[in-house]
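Engineer: Based on what follows, work out the 3D shape:
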Amino acid sequence: MQRIFYQCLTVMACIVGPWFFVLLSRCVAAGYFLFFPARVMIGVRFYHALFPDRGTRFHLGCTWRQFQNFTSLFLDRFLLQTGRTIDYTFAGREHLLAALKQGSGGIILMSHMGNWEIAAHLLRRSISDLPLMLLMGTRAKDEIERLQKKDLAASGIRILAVDQAAGSPFSLVEALSFLRGGGFVSLAGDTIWQAEERTVAVEFLGHTARLPETAHTLAMVSGAPLFIFFASRKDRSQYHFSVSAPIVVQAASRQARGEAIRRSAQAYADRMQSQLRASPFEWYHFERFLEPGSPNRPTD
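Structural biologist: Here you go, the predicted model:
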């Protein structure tokens with residue numbers, strides 16, 4: 001049903017113009033805002049943590065903008081598919097070029113902030129010889145997500161899908177092999193896909209959040225540098241990409257591995273907070289991210 005609706009929407013937008021896509025998708029977002037109060041409350045609580053000095057009405061307004069901004073992900077995907085130009089600036093591109101030249105490969109850590117799908121497409125265009133694998137979770141019932149993966153694979157990006165219900169350790173072995181061959185593996189560092197996935201506690205907005213260890217463990221085991229990547233929408237169909245300098249995750253002993261992973265995860269969380277304060281309405285987590293009642297620095 002999702003796929004049919006989305007395809008009908010894109011066909012109509014091709015006929016009458018992108019304004020139709022904007023109008024209908026914003027109506028759908030408004031419907032979610034009105035009829036899914038539990039998700040709205042998750043947003044209100046999150047924006048209370050981000051803006052603790054403001055009132056509930058302000059936090060409700062932030063959540064409304066978050067829901068409406070989310071539609072831009074689908075609009076820009078539609079524009080890119082139909083040949084429209086999406087302009088972008090790219091800070092830190094030289095870090096990826098240097099790693100590519102050295103053959104070290106790398107882990108590109110993305111987030112559910114901004115538009116990771118547009119970023120992956122344009123990253124591939126910006127550095128056409130970048131061997132890129134996306135390590136992604138997959139939801140059995142998400143038909144639009146399957147369309148996204150199909151489009152990304154068609155652009156030359158290797159997709160390694162990990163089932164949310166039954167992940168396989170062979171996926172990580174394949175990713176590790178790709179890294180050791182000088183490839184770049186990109187994955188989200190802010191979403192836990194499986195209940196049994198190992199996590200690390202970090203401090204975020206004065207609360208505790210739990211992030212998956214996977215990216216940081218891969219960086220430590222492979223020796224490949226880790227790059228933190230953000231894609232922020234600055235204006236209509238215009239993006240700014242930023243890539244951090246390489247981060248090396250290493251431990252002097254087996255006993256020190258946990259602390260090395262925690263430091264790397266906290267560095268990522270700190271950068272996410274900076275990005276969030278710069279673009280607060282591009283936060284696209286609609287499930288609880290902060291642990292309740294945990295205002296102190298986390299301990300594992």
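Engineer: quick one: the helices in the protein?
Structural biologist: Taking DSSP state H as the criterion, the chain contains helices spanning 2-16, 18-35, 37-50, 56-81, 93-102, 116-126, 143-154, 169-180, 214-222, 257-278.
Engineer: Minimum distance to Phe230: which of those has it?
Structural biologist: helix 257-278 (5.0 Å; Cβ to Cβ). C-beta: built from backbone N, CA, C; applies to glycine.
Engineer: Show me what counts as buried in that closest one.
Structural biologist: Burial within helix 257-278, assessed by neighbour count using 16 or more other Cβ atoms under 10 Å, is assigned to 257, 260-269, 271-273, 275-276.
Engineer: coming back round to it: will you turn the helices of the chain into JSON lines that also has distance to Ile228 and mean pLDDT?
Structural biologist: Converted to JSON lines, the helices of the chain look like this (distance: least, Cβ to Cβ, whole Å; pLDDT from 0 to 100):
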{"stretch": "helix 2-16", "distance to Ile228": "31", "mean pLDDT": "76"}
{"stretch": "helix 18-35", "distance to Ile228": "28", "mean pLDDT": "91"}
{"stretch": "helix 37-50", "distance to Ile228": "20", "mean pLDDT": "96"}
{"stretch": "helix 56-81", "distance to Ile228": "20", "mean pLDDT": "92"}
{"stretch": "helix 93-102", "distance to Ile228": "10", "mean pLDDT": "95"}
{"stretch": "helix 116-126", "distance to Ile228": "12", "mean pLDDT": "86"}
{"stretch": "helix 143-154", "distance to Ile228": "20", "mean pLDDT": "69"}
{"stretch": "helix 169-180", "distance to Ile228": "17", "mean pLDDT": "84"}
{"stretch": "helix 214-222", "distance to Ile228": "10", "mean pLDDT": "94"}
{"stretch": "helix 257-278", "distance to Ile228": "5", "mean pLDDT": "96"}
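Engineer: Of these, flag the one that's most buried.
Structural biologist: For the helices of the chain, average neighbour numbers computed from mean count of other Cβ atoms under 10 Å are highest in helix 214-222, which has a mean of 22.
Engineer: can you give me the offset of that helix from its chain's centre?
Structural biologist: Mean C-alpha position of helix 214-222 versus that of the full chain (Cα atoms, centre = their mean, to the nearest Å) differs by 18 Å.
Engineer: Tell me which residues touch Arg93, please.
Structural biologist: Going by Cβ atoms under 8 Å, 6 or more residues apart in numbering, Arg93 touches Ser126, Ile127, Phe241, Val243.
Engineer: residue contacts, the residue lying closest to Ala99 once chain neighbours are set aside?
Structural biologist: Of all residues beyond its chain neighbours, the one nearest Ala99 is Gly106 (4.7 Å), with distances taken as Cβ to Cβ, 6 or more residues apart in numbering. Taking Cβ under 8 Å, 6+ apart as the contact definition, Gly106 lies against Leu96, Ala99, Leu179, Phe184, Val185, Ala224, Pro225, Leu226, Phe227, Pro246.
Engineer: do Arg26 as well
Structural biologist: Counting by Cβ under 8 Å, 6+ apart, Arg26 touches Gln68, Thr71.
Engineer: measure it to Ala265 for me?
Structural biologist: Counting by Cβ to Cβ, to the nearest Å, the separation of Arg26 from Ala265 is 35 Å.
Engineer: what's the answer for Leu130, then?
Structural biologist: Distance, Leu130 to Ala265, using Cβ to Cβ: 25 Å.
Engineer: Enumerate every residue touching the nearest residue to Thr10 once chain neighbours are set aside.
Structural biologist: Among residues not flanking Thr10 along the chain, Phe78 sits closest, at 5.6 Å (Cβ to Cβ, 6+ apart). By Cβ under 8 Å, 6+ apart, Phe78 lies in contact with Thr10, Ala13, Pro18, Phe21.
Engineer: cutoff 7 Å now
Structural biologist: Phe78 makes contact with Thr10, Ala13, Phe21, according to Cβ atoms under 7 Å, 6 or more residues apart in numbering.
Engineer: Could you do Gly43 as well?
Structural biologist: The contact partners of Gly43, taken as Cβ under 7 Å, 6+ apart, are Thr63, Gln66.
Engineer: cool, and the one 3 residues further on?
Structural biologist: For Phe46, the contacting residues are Phe289, Leu290, taking Cβ under 7 Å, 6+ apart as the criterion.
Engineer: measure it to Glu291 for me?
Structural biologist: Distance, Phe46 to Glu291, using Cβ to Cβ: 12 Å.
Engineer: and what of Leu160?
Structural biologist: Leu160 sits 29 Å away from Glu291, going by Cβ to Cβ.
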